[in-house]
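Student: Here is my input, please return the structure:
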Amino acid sequence: MDQGLAGLVGAGIGALAGGGAAIAAAALGRSGMRAQALGAVEQARASIRQAEVQGEEERRQWRRMLRRDAAVAFILAAHEYVDALDRLVDASYSSGSRLVAQAHLDQVESAHQAMRRASVIFDLEAPSSGDASARIMAQAFVISNQMPRPGTSGGWATGFVQQVSELRQMAGALNTQLRAHLDG
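Tutor: Below is the predicted model of the structure:
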């Protein structure tokens with residue numbers, strides 16, 4: 001064989017081997033890039049799952065906070081209503097003034113309106129406890145219908161005081177129930 005031909009055959013074999021090596025390197029590089037891309041996709045999915053879990057936990061905490069705030073506002077409004085009723089009863093025994101009685105009735109009505117607004121929010125945010133707020137609001141309705149008007153005699157006071165006492169007990173029981181539910 002001639003040296004020129006041997007050189008060409010050697011160069012051809014070298015080119016084929018080099019080309020095969022290049023093709024193999026490209027294939028390996030491609031599969032390496034593919035594996036790296038798949039790893040990046042999996043990492044992205046894991047990050048998304050983690051963000052979803054964290055977002056759901058933050059949402060649950062936010063809902064708990066809203067429910068707690070609504071419950072606290074309702075309980076506070078119920079207690080303020082009872083306190084206003086107590087002041088009305090006390091004023092009816094200590095003062096015969098229609099002006100004083102009307103001022104206390106106005107305070108009771110204002111507290112009743114605040115309790116009604118708080119009750120609506122409470123029922124929306126904590127529907128599972130709505131039964132208790134409905135009982136309290138029903139009792140408040142009974143009381144408001146029995147509420148004395150300025151110039152009436154003192155005979156109403158005994159039944160009225162009993163109704164206020166029952167409302168106070170209901171508000172206290174709801175307070176205890178909600179504290180156990182919201183803190184647990």
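
Student: from here on, contacts and neighbour counts on C-alpha atoms
Tutor: Fine.

Student: could you pull out the helices for the chain?
Tutor: In the chain, the helices defined using DSSP state H lie at 3-94, 98-125, 130-146, 157-183.

Student: could you dump the ones you listed to a markdown table with mean neighbour count and mean pLDDT?
Tutor: What follows is these, written out as a markdown table (neighbours: other Cα atoms under 10 Å; pLDDT from 0 to 100):
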| stretch | mean neighbour count | mean pLDDT |
| --- | --- | --- |
| helix 3-94 | 14 | 78 |
| helix 98-125 | 18 | 83 |
| helix 130-146 | 16 | 71 |
| helix 157-183 | 15 | 70 |
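
Student: Disregarding residues adjacent in the polypeptide, which is nearest to A77?
Tutor: M115 (4.7 Å; Cα to Cα, 6 or more residues apart in numbering).

Student: The one you found touches A84, doesn't it?
Tutor: No - assessed by Cα atoms under 8 Å, M115 is found out of contact with A84, at 11.7 Å.

Student: I figured A73 hits A118, correct?
Tutor: Yes - A73 lies in contact with A118 (Cα under 8 Å); the separation is 6.1 Å.

Student: Now do the shared contacts for these two.
Tutor: With contacts taken as Cα atoms under 8 Å, 6 or more residues apart in numbering, A73 and A118 have no neighbour in common.

Student: ok, the residue nearest to A77 - contacts?
Tutor: 74, 77-78, 81.

Student: now these in TSV, with distance to A46?
Tutor: What follows is the contacts of M115, written out as TSV (distance: Cα to Cα, whole Å):
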residue	distance to A46
F74	42
A77	46
A78	48
Y81	52
